[in-house]
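> Need a 3D model of the sequence below.
(one chain, ligands or ions: 2)
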Amino acid sequence: MGIARALTIAGSDSGGGAGIQADLKTFTVLGVYGMSALTAVTVQNTIGVHGIYNLPVEAVVQQIDAVISDIGIDAAKTGMLSQVPIIMAVAERIRHYQVENFVIDPVMVAKGGARLLEMEAQHAIIKHLLPLAKVVTPNLPEAEVLTGMSIRTVDDIREAAKRIVGFGAKSVVIKGGHLEGDAIDIVYDGDTFVELKAPRIMTQHTHGTGCTFSAAITAELAKGRSVQEAVTVAKEFITCAIRDTLGLGHGHGPTNHWAYGKRQG
Ligand SMILES: Nc1ncnc2c1ncn2[C@@H]1O[C@H](COP(=O)(O)OP(=O)(O)O)[C@@H](O)[C@H]1O
Ligand SMILES: Cc1ncc(COP(=O)(O)O)c(N)n1
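Ligands and ions are numbered 1, 2, ... in the order given. Below is the predicted model:
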């Protein structure tokens, strides 16, 4: 068996903390060969999103075809998808190649408030993409948009998880990064609920946490791990990355993608 291979279909973050850059760094640290299909170029740093240039849908499809037909993949994930035609095309290619280990991070809005997905594209994610997902990783606001619910309590989170699995995703991780108290994520596979719990780290450097977390899940699935094993490693990975801060930039800085590898010795 050769090296595990993973593809990220996402936007570029020039600041290097989120998007394609976070995904490729995470794949690398976890020992997985990373490839990318770029959907958009963002002009971004730790202060905010200063510009967005979407790529033509053909460019996205051609990148996916080029790497899968030649190098092959063991898992794929999506991040920023921007527009309905890109979502439709990605869904079609994932179905065509029968990608089983498919992780969707339903990125909608950057931490600073800039929209990374058009409003009308939210429904396209539900209809075309979620039924293909092995794991979908919404944060709380994204889970609210996907379900149309307002989520306040743990019972609400469980109800939202059931609805999202009802859309056809095999499993869901609803991330509690936006709550107060411990950083608790709820995993649901249509059968059982599992809590991933870590202490909340007081820091403003959480740019790219969602990208990094979903990339770690993807990397572990690419190695043949189960969903439960993959989310457990990913939680450890993101907790280390937030804790061992790099302190870069003047705003919301990136996490430290090397921290987990150092921890392993
Ligand atoms: N301050 C924090 N301390 C510890 N864990 C955190 C913190 N902020 C986010 N996390 C964790 O990081 C992961 C990504 O969550 P979140 O930040 O909610 O995603 P997103 O970037 O999509 O908004 C989750 O596992 C969440 O619990
Ligand atoms: C290109 C790109 N993709 C995704 C995010 C979301 O980042 P976060 O993980 O902080 O929500 C981002 N800011 N930029």
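
> ok, residue 156 touching residue 149?
Yes - using Cβ atoms under 8 Å, residue 156 makes contact with residue 149 at a distance of 6.4 Å. Where you see a C-beta, it was placed from the backbone N, CA and C, and this is true even at glycine.

> From ligand 1, how far off is residue 84?
As judged by Cβ to the nearest ligand atom, to the nearest Å, residue 84 and ligand 1 stand 21 Å apart.

> And for residue 11?
For residue 11, the distance to ligand 1 equals 14 Å [Cβ to the nearest ligand atom].

> quick revisit: between residue 156 and residue 149, who's got more neighbours?
When residue 156 and residue 149 are compared for neighbours, residue 156 comes out ahead with 17 against 14, by other Cβ atoms under 10 Å.

> per-residue pLDDT, the more buried one?
Residue 156 carries a pLDDT value of 93.

> do residue 1 as well
68.

> How many residues are close by residue 93?
18.

> The residue nearest to it when sequence neighbours are not counted in helix, strand or coil?
Counting by Cβ to Cβ, 6 or more residues apart in numbering, the nearest residue to residue 93 once its immediate chain neighbours are dropped is residue 64, at 4.8 Å. Applying DSSP: H, G, I helix; E, B strand; the rest coil to residue 64 yields a three-state assignment of helix.

> can you tell me how far residue 64 sits from residue 37?
5 Å (Cβ to Cβ, to the nearest Å).

> Need the overlap of contacts for the two.
7, 9 (Cβ atoms under 8 Å, 6 or more residues apart in numbering).

> can I assume residue 222 is in contact with residue 74?
Yes - Residue 222 is within contact range of residue 74, at 3.9 Å (criterion: Cβ under 8 Å).

> neighbour-wise, which of those two wins?
Each of residue 222 and residue 74 has its neighbours counted (other Cβ under 10 Å); residue 222 has more, 27 against 22.

> List the contacts of that one.
Counting by Cβ under 8 Å, 6+ apart, residue 222 has contacts 4-6, 32, 73-75, 101.

> got TSV for the residues you listed, with distance to residue 212, secondary structure and pLDDT too?
Formatted as TSV, the contacts of residue 222 follow (distance: Cβ to Cβ, whole Å; DSSP: H, G, I helix; E, B strand; the rest coil; pLDDT from 0 to 100):
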residue	distance to residue 212	secondary structure	pLDDT
4	18	coil	98
5	19	strand	98
6	13	strand	98
32	14	coil	98
73	19	coil	98
74	19	coil	98
75	15	strand	98
101	18	coil	98
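
> How far does the top helix by length along the chain sit from its chain's centre?
Counting residues, the longest helix found in the chain (DSSP state H) is helix 227-243. Chain-centre distance of helix 227-243: 13 Å, with Cα atoms, centre = their mean, to the nearest Å.

> Could you do stretch 20-32 as well?
On Cα atoms, centre = their mean, the centre of stretch 20-32 falls 12 Å from the chain's centre.

> same thing with stretch 141-153?
On Cα atoms, centre = their mean, the centre of stretch 141-153 falls 17 Å from the chain's centre.

> Look up how far residue 88 lies from the spatially closest residue to residue 34 that is not a sequence neighbour.
Sequence neighbours aside, residue 27 is the residue nearest to residue 34 in space, at 3.5 Å (criterion: Cβ to Cβ, 6+ apart). Using Cβ to Cβ, we find residue 27 at a distance of 26 Å from residue 88.

> Can you tell me which of the contacts of residue 222 are buried?
4-6, 32, 73-75, 101 (16 or more other Cβ atoms under 10 Å).

> Next, the contact list for residue 196, please.
Contacts of residue 196 (Cβ under 8 Å, 6+ apart): 173, 184-187, 231-232, 235.

> check contacts around the residue in the stretch 51-200 of the chain that ligand 1 sits nearest to.
Distances between the stretch 51-200 of the chain and ligand 1 by Cβ to the nearest ligand atom are smallest at residue 177, namely 2.3 Å. Residue 177 sits next to 139-140, 183, 185, 206, 209-210 when contact means Cβ under 8 Å, 6+ apart.
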